[in-house]
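**Student:** Quick one: sequence and predicted model below, then my questions.
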Amino acid sequence: MLASARYADKLLSDIEGILNSADSQSPFSDYRMDLTLHQARLIRSNLVRFRQHLSRTLSAIGVEHGEPRFGAMHAILVTLTFVRIAVEEMTPERMRGYGELSEEAAGEVRGLCAELLGLLDNLERALAMGTAADLQARLSQISETVEEVRLLKLLDRVVNENDLTEFQAPLLNIAERLGSPQLEIAIFGRVSSGKSSLLNRILRTDVLPVGVNPITAVPTRLVYGPEPILRASFADRQVKTCPIEDLALYASEERNPGNELGVTRLVVELPSERLQDGLVFVDTPGLGTLARAGAGETKAYLPQCDLGVVLVSAASPINDADLETIHALSQAGIPVMVLLSKADLLSSQDLQKALSYTRQEILLNLGLEVDVRPVSAMAEAASLMEEWFHECLEPLFARRRELARQSVVRKTLALQGAVIGALRARLSAALRSVALSSEDLEEVERRLRAAAGQIEATRKLCLQAADEIRLLGESTLRQAVSTAGREFDGSQILKSRLTPIVLASSEELAAAAAAQISMRLQALADELDSALRQASQAVAATGVDDEGPLKELVREMPRFEASLPQIQANLYGLKLPFGLKRVWLMRQLRNAFLHHLESAFASYSRSLERWLRNILGELHSEFEARAGAYREQLARLRESRSVLSADRSRIERSLRELENFQAASENLGKEPPESNRTSGSRVTPSCS
């Protein structure tokens, strides 16, 4: 009986599938909808009644049918993974066995795949957020008094009521930025300078391992989370969720020497009130240690933070490693603060001398005027750390929050204009007056698709170029040999000049490779902006210019840094003939520099790859958020169906609400009154 009942239920599911397929607007449906709306509702309601009765009768005669065994969310996510694989199999590279495509056709196919993958990304992202995807609840937690929050709530309701699904992803993006304008603060310093101890004191926890040996093997990010938890990512793309006590297993040099476990990312979630408003701290591997892999990871991470905090231990004066870190942060355009840690070890008089000496060394060696503040992780000197946190970090975060809020306001106003335009299109009013033929609209869609395809093509070329930087060691040495041959005559060679020559050659080749990557990214951003402008003009949308061009997302690239030893050349080589002298010099340079160059180029390659993935990810996300809305509006422009009277009434009501809000809201983007500000937005005097 149970088997027969299951089979009957499966047949009912087949009927539901037929109804859904006929009504789904799928281009591959086997069924056409020849039922009236009343008949379809009648079938669905009777299926429900049949199943309810079947369940009751089975239970009445003692046949247990059990509870559902699998979660729908898991099954849907697994199925979406197979959908993603199917889309990726449509790319020109995967279908090369069926024949070559022209470059134009290949670009259009890549664009189609990029559009489909973008839609999957939006769906998976919304599903992964769970209840957080409820924007109304999320926005209520941020603030009830800020005008842009009220507008976002209204937009969310209008979008859902009118089935404007293309605007859900932009809404979610804006809500995320409004709710969490993160400020990423990285802590740099030599081994045993007190980085982990300081972070433990700031966050009022003891989660980070502390010791005298090299501790942190990879950068460890500390973010807010409702429960203490550790997420470890590995080179094979595996992600493990572990108890917080396992941090030392992955983060310490002792238990993970040279990062032999292949850890690529460590994220610690903590329910700390100081992380709740969007502050993110990063504990980096110590510099100047024999754990070269960890130091390399730190140098590769440098350009990714919003603020660099360099710790100099009061137990030892500032040295070259500290100065190099400050210089690298400054060159990357990243604000830097210098802290004199373990300040409790010094008397008041000695502390002032140490602070003055550290400032002078930075000014003399780097030409930078940097304020140096004393801190300590010891409980008896906790006031020093608290003073630095309140006077320096809190104002910086407040300014960051305000800049993020201004960006949110611009995007919210642009989205409001786009939603109004879409609603008018539904009414066959303003947008249908645009005098564009069907062929013109198809051309605009094709341009958007081709631009989306350029993102993936550029990603492939740029990542390949970044990877090839690892191989520049030999090229650097060949160029250095040529330069040395031109600079020195046949009678002498200045040994002290060899290291600067090799360093200059390495920087020149790295800069040339980076310039090629930058040019490709700028060309991509220009193409994306051009396609969006064309689509905006086609649908007569407003507010796009307020969001700013995508090329603004292409921020300054990481800078190449190399530390090379002074070479001690054997003088007998100078007596060789000119041709053999070049061979001798190449051998000398290879023995002295090749290992250091390969390490520096590998570190720079990793840094560029991370930067590229972040920039391309932002470009793709921002482009799809805008292009998705245009694609839907273009599709509506090509439709000829009239709007039902009930739909027309709802759309007109939504339009009135948005236009009334637009007219009444004169304070959008202005700072709310002090009494209405959300917690964490207090501005205190800035740190000099």
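**Tutor:** Thanks, I have it. As the structure is a computational prediction, the values presented were derived from the model and not from experiment.

**Student:** where along the stretch 101-250 of the chain do the strands fall?
**Tutor:** Shown for the stretch 101-250 of the chain, the strands assigned by DSSP state E, counting those that start in this stretch span residues 183-189, 220-224, 229-234, 239-242.

**Student:** The longest one: partners in the sheet, and parallel or antiparallel?
**Tutor:** With DSSP bridges as the test, strand 183-189 is paired with strand 279-283 (parallel), strand 307-313 (parallel).

**Student:** same thing with the third one?
**Tutor:** For strand 229-234, the paired strands and their directions (DSSP bridges) read strand 239-242 (antiparallel), strand 263-270 (antiparallel).

**Student:** residue at max distance from the center of the chain?
**Tutor:** The outermost residue of the chain relative to its centre, with distances by C-alpha atoms, centre = their mean, is Ile61 at 57.5 Å.

**Student:** can you tell me which residues contact that residue?
**Tutor:** Met1 (C-beta atoms under 8 Å, 6 or more residues apart in numbering). C-betas here are computed from N, CA, C, even on glycine.

**Student:** any idea how far it lies from Ser55?
**Tutor:** Separation of Ile61 from Ser55 (C-beta to C-beta, to the nearest Å): 12 Å.

**Student:** Break the chain down into its structural domains.
**Tutor:** The chain breaks down by automatic domain parsing into domains covering 2-67, 183-377, 444-641.

**Student:** Quick one: mean pLDDT over stretch 108-119.
**Tutor:** Mean pLDDT, computed over stretch 108-119, is 84.

**Student:** From the rest of the structure, what touches that stretch?
**Tutor:** Under C-beta under 8 Å, 6+ apart, the answer for stretch 108-119 is 84, 87-88, 90-92, 101, 446, 448-457, 620, 624, 627-628, 631.

**Student:** among those residues, which ones are buried?
**Tutor:** By neighbour count, with 16 or more other C-beta atoms under 10 Å, those hold 87, 91-92, 448-457, 620, 624, 627-628, 631 as buried.

**Student:** Quick check: Asn365 touching Leu323?
**Tutor:** Yes - in this structure, Asn365 is within contact of Leu323 by C-beta atoms under 8 Å, at 5.3 Å.

**Student:** shared neighbours of those two, anything?
**Tutor:** Both Asn365 and Leu323 lack any common contact, where contact means C-beta under 8 Å, 6+ apart.

**Student:** ok, back up a step: could you dump the domains of the chain to JSON lines with mean pLDDT and distance to Ile174?
**Tutor:** Below are the domains of the chain laid out as JSON lines (pLDDT from 0 to 100; distance: least, C-beta to C-beta, whole Å):
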{"stretch": "domain 2-67", "mean pLDDT": "85", "distance to Ile174": "29"}
{"stretch": "domain 183-377", "mean pLDDT": "77", "distance to Ile174": "15"}
{"stretch": "domain 444-641", "mean pLDDT": "78", "distance to Ile174": "9"}
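
**Student:** Of the ones you listed, which is nearest Asn162?
**Tutor:** domain 444-641 (11.4 Å; C-beta to C-beta).

**Student:** chain center to the closest one: distance?
**Tutor:** Here the centre of domain 444-641 is set off from its chain's centre by 19 Å, with C-alpha atoms, centre = their mean, to the nearest Å.

**Student:** Please apply the same query to stretch 334-350.
**Tutor:** Worked out by C-alpha atoms, centre = their mean, stretch 334-350 lies 33 Å from the chain centre.

**Student:** right, so the strands of the stretch 101-250 of the chain: which one is the most enclosed?
**Tutor:** strand 183-189 (a mean of 24; mean count of other C-beta atoms under 10 Å).

**Student:** Show me the contact partners of that strand.
**Tutor:** Outside strand 183-189, the residues that reach it (C-beta under 8 Å, 6+ apart) are 195, 198-199, 219, 221, 278-284, 286-287, 298, 301-302, 304-313, 322, 325, 329, 341, 393, 396-397, 400.

**Student:** From these, list just the buried residues.
**Tutor:** 195, 198-199, 219, 221, 278-284, 286-287, 298, 301-302, 304-305, 307-313, 322, 325, 329, 341, 393, 396-397, 400.

**Student:** Distance to Leu155 added to the domains of the chain, as a markdown table?
**Tutor:** Listed next are the domains of the chain as a markdown table, based on distance: least, C-beta to C-beta, whole Å:
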| stretch | distance to Leu155 |
| --- | --- |
| domain 2-67 | 25 |
| domain 183-377 | 23 |
| domain 444-641 | 12 |
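
**Student:** between these, which gets nearest to Thr79?
**Tutor:** Among the domains of the chain, domain 2-67 comes nearest to Thr79, with 14.3 Å by C-beta to C-beta.

**Student:** re earlier: want to throw the strands paired with strand 183-189 into TSV with distance to Val158?
**Tutor:** Listed next are those as TSV, based on distance: least, C-beta to C-beta, whole Å:
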stretch	distance to Val158
strand 279-283	33
strand 307-313	39
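
**Student:** and of these, who's closest to Ala251?
**Tutor:** Of all the strands paired with strand 183-189, strand 279-283 comes closest under C-beta to C-beta, at 7.9 Å.

**Student:** center of the chain - which residue?
**Tutor:** Most central in the chain (C-alpha atoms, centre = their mean) works out to Asn614, at 4.7 Å.

**Student:** Run the angle between the helix or strand that contains it and strand 263-270 for me.
**Tutor:** Using DSSP states H and E, Asn614 sits in helix 578-637. For helix 578-637 against strand 263-270, the angle by axes from the mean of the first three to the mean of the last three C-alpha atoms, to 10 degrees is 50 degrees.

**Student:** tell me what helix 578-637 is packed against?
**Tutor:** helix 103-128, helix 168-179, helix 292-301, helix 394-426, helix 438-468, helix 472-487, helix 498-539 (3 or more C-beta pairs under 8 Å, 6 or more residues apart in numbering; DSSP states H and E).

**Student:** which other residues reach the helix or strand just after that helix?
**Tutor:** Proceeding N to C from helix 578-637, the next assigned helix or strand is helix 645-664, under DSSP H and E. Counting by C-beta under 8 Å, 6+ apart, helix 645-664 makes contact with 150-151, 154-155, 158, 161-162, 416, 419-420, 423-424, 426-427, 643, all of which sit outside it.

**Student:** Would you mark the buried spots in helix 645-664?
**Tutor:** Quick answer for helix 645-664 (16+ other C-beta under 10 Å): Arg650, Ile651, Ser654, Leu655, Leu658, Phe661.

**Student:** Flag the least confident of those.
**Tutor:** Phe661 (78).

**Student:** I'd like to know how many residues surround Asp526.
**Tutor:** The tally of other residues near Asp526 (other C-beta atoms under 10 Å) stands at 13.

**Student:** For it, which non-adjacent residue is closest in space?
**Tutor:** Closest residue to Asp526 apart from its sequence neighbours, by C-beta to C-beta, 6 or more residues apart in numbering: Lys551 at 6.4 Å.

**Student:** my guess is the one you found contacts Ala523, does it?
**Tutor:** No - using C-beta under 8 Å, Lys551 makes no contact with Ala523, being 9.7 Å away.

**Student:** hmm, back to that, show me which of Asn365 and Leu323 is the more surrounded one.
**Tutor:** Neighbour count, other C-beta under 10 Å: between Asn365 and Leu323, Leu323 has more, with 18 against 15.
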